[in-house]
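Chemist: dropping a prediction and its sequence here:
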Amino acid sequence: MDHFDYRDGLLHAENVPVTAIAEAVGTPVYIYSRATLERHAQVFKAALAKLPRTHIAFAIKANPNIAVLKVLAKQGFGADVVSGGEIARALAAGMKAEDIVFSGVGKTRAELHYGLDVGIGQFNLELEEEGAVLAEMAHGMGKTASAVLRVNPDVDAGTHAKISTGKSENKFGVPISEARAIFDRLSGQPGLNLRGIACHIGSQLFDLGPLEAAYRRIGDLVAELRAAGHSIDRVDLGGGLGVPYERAKVPPSPAEYGEMVERVTKDWDVTLMFEPGRVIVGNAGVLLTRVIWVKPGVVHPYVIVDAAMNDLARPAMYDAWHDFEAVAPTGEKMVANIAGPVCETGDTFAMNRSIDVVKAGDLGVFRTAGAYGATMASTYNSRALVPEVMVDGDKFAVVADRIAPEAIIAAERVPDWLQD
Ligand code: LLP
């Protein structure tokens, strides 16, 4: 459920007509609803309420806006981060270092050092050598790094190939068959407290089956490691729950996910860590855009909007679907293609789609744009970096400025030897 609804024929974000945001901030602009963020956080927490010990680390990559993080921090969420920059954001939003999980397949030594320095709660190791480097570094700093080993359970998550992470050929984790030997070699190293396992098999999952299969393999591994004398008190189950990009297609609910986790992990006796991203923020955001032209097409007209693939990359990158709705729909429908102004054929949001009738100057939104939206934006074609707004009841505020091309040009330099 979200808080983007029509009132008197006009789309509102909570109590704010989105037309007011277009007027004040211009378009394109991302709009987040605080109430929706809070609701999703609460639904996720409720789904895990029966589990004895849990920690939720929001996958910051899905939406790293500081105001968004602040809302989630107030809900008790920590952060799953994959870079030094994301650590800085989590801390800036008021999250405690001990509530931060540091994932990422290529943490640099500088990032590991930064993580140790601020006292990150958990490092998710991606390879044995990373554990050895971390142990030595921590020992040298007079610290002990708390860590788990990310395993690759070799399960097909059944999602888009580019967001699948749990097959043996993917770059993530160590083969589950090698986990025991790596534990034997890394455990007991000064500076390292290797205490558990992590896995994450992919994103936008619509089927709990692959998750359950992966978790069962993890359960077997936990038993095997304990039998070998290792003490295991944490398992990080990753993220991955899908969201309904097309309203008619409904993914498993957090409650169904929670029931599955409860069933599979009942004898594990560990703290379970979760790294949800999309399911928390996806439906809490829309991308507001204005129609520039309706251009006649050979088969269907092209609705050319002022948002483009640089603002919302998902359709171009993953052929992703985002529902499009007029802000003031007339009730009539038309079949059209929707595209942005960028000079690439891939800058297309939809083809042959039945949409609300719109004309030049009208406003529309791409729904479910709160996850992997603004954070994947670029300035390609020397377009501005898209701004972000948060709504809270009757009020709204800009939570990320539009960065104009002039500001980006100002950061570029022409060397002396090119000056005339
Ligand atoms: N944990 C780890 C280790 C991850 O790699 C990811 C996402 C998550 C948690 C959060 O997954 P979620 O709950 O959001 O599914 N840009 C792509 C998605 C990339 C996901 C990368 N990893 C998209 O727009 O679909």
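Modeler: Yep, it's here.

Chemist: quick check: residues of the stretch 151-300 of the chain near the ligand?
Modeler: By Cβ under 6 Å from any ligand atom, the part of the stretch 151-300 of the chain that sits against the ligand consists of 163, 165, 200, 203-204, 238-241, 275-279. C-beta here means a position set from N, CA and C on the backbone, and glycine is covered the same way.

Chemist: could you identify the most distant pair in these?
Modeler: Farthest pair in those (Cβ to Cβ) is Thr165 and Val279. Separation: 16.3 Å.

Chemist: what about stretch 188-201, start to end distance?
Modeler: Between the opening and closing residues of stretch 188-201 there is a gap of 28 Å (Cα to Cα, to the nearest Å).

Chemist: buried residues in that stretch?
Modeler: By neighbour count with 16 or more other Cβ atoms under 10 Å, stretch 188-201 contains the buried residues 189, 191-201.

Chemist: pLDDT averaged over that stretch, what's the number?
Modeler: For stretch 188-201, the per-residue pLDDT values average out at 96.

Chemist: stretch 184-201: how far from the chain's middle?
Modeler: Taking Cα atoms, centre = their mean, to the nearest Å, the mean C-alpha location of stretch 184-201 is offset from the chain mean by 25 Å.

Chemist: pLDDT weak spots in the stretch 301-420 of the chain?
Modeler: Regions of the stretch 301-420 of the chain meeting the criterion pLDDT under 70 are absent.

Chemist: so Thr165 and Val279 - more neighbours on which side?
Modeler: Counting neighbours by other Cβ atoms under 10 Å for Thr165 and for Val279 shows that Val279 has the greater number, 27 against 21.

Chemist: next, count neighbours for the residue nearest to the more buried one when sequence neighbours are not counted.
Modeler: Distances taken as Cβ to Cβ, 6 or more residues apart in numbering put Leu241 closest to Val279, at 4.1 Å, once the chain neighbours are dropped. Neighbouring residues of Leu241 were enumerated by other Cβ under 10 Å; the total is 25.

Chemist: please shift the residue numbers so they start at 793 in all later answers.
Modeler: Will do, 793 is the new start, and the previous item becomes Leu1033.

Chemist: thinking Leu1033 is in contact with Pro1068, fair?
Modeler: Yes. Counting by Cβ atoms under 8 Å, Leu1033 touches Pro1068, with 6.3 Å between them.

Chemist: show me what the helix or strand harbouring Glu1004 is packed up against.
Modeler: In the assignment (DSSP states H and E), Glu1004 maps to helix 1000-1019. With contacts taken as 3 or more Cβ pairs under 8 Å, 6 or more residues apart in numbering; DSSP states H and E, helix 1000-1019 sits against helix 971-978, strand 984-990, helix 1046-1057.

Chemist: Phe1066 bridge partners, please.
Modeler: With beta bridges defined as DSSP bridges, Phe1066 has these partners: Ile848.

Chemist: Met1182 versus that one, what's the distance?
Modeler: When distances are taken as Cβ to Cβ, to the nearest Å, Phe1066 and Met1182 turn out to be 24 Å apart.

Chemist: out of those two, which sits in the busier spot?
Modeler: The residue with more neighbours, out of Phe1066 and Met1182, is Phe1066; 29 against 25, by other Cβ under 10 Å.

Chemist: and the buried residues of stretch 980-993, which two are furthest apart?
Modeler: Among those, Gly983 and Ile993 lie farthest apart (Cβ to Cβ), at 29.9 Å.

Chemist: what's the closest non-adjacent residue to the spatially most central residue of the chain?
Modeler: Closest residue to the average C-alpha location of the chain: Ala854 at 1.9 Å, with Cα atoms, centre = their mean. The shortest distance from Ala854 to any residue other than its chain neighbours is 3.2 Å, reached at Gly1069 (Cβ to Cβ, 6+ apart).

Chemist: same check, this time on Ile968
Modeler: Across the structure, with Cβ to Cβ, 6+ apart as the measure, the residue nearest Ile968 apart from its sequence neighbours is Val943 (4.5 Å).

Chemist: re the thing from before, most tightly surrounded among the helices and strands packed on helix 1000-1019?
Modeler: strand 984-990 (a mean of 24; mean count of other Cβ atoms under 10 Å).

Chemist: which outside residues touch it?
Modeler: In this structure, residues lying in contact with strand 984-990 by Cβ atoms under 8 Å, 6 or more residues apart in numbering are 895, 916-917, 923, 926-927, 930, 936-943, 965, 971, 975, 978-979, 1010, 1013-1014, 1017, 1022-1030, 1062, 1065.

Chemist: what about the helices in the stretch 893-1042 of the chain?
Modeler: In order along the chain, the stretch 893-1042 of the chain carries the following helices (DSSP state H, counting those that start in this stretch): 901-910, 920-932, 971-978, 1000-1019.

Chemist: so Ala865 is in which element?
Modeler: Judged by DSSP H and E, Ala865 forms part of helix 858-866.

Chemist: helices or strands up against the next helix or strand after that helix?
Modeler: Beyond helix 858-866 in the direction of the C-terminus, DSSP H and E gives the next helix or strand as strand 870-873. In terms of contacts (3+ Cβ pairs under 8 Å, 6+ apart), strand 870-873 is packed against strand 846-851, helix 876-884, strand 892-894.

Chemist: list the buried residues of strand 870-873.
Modeler: When burial is assessed from 16+ other Cβ under 10 Å, strand 870-873 yields the following buried residues: 870-873.
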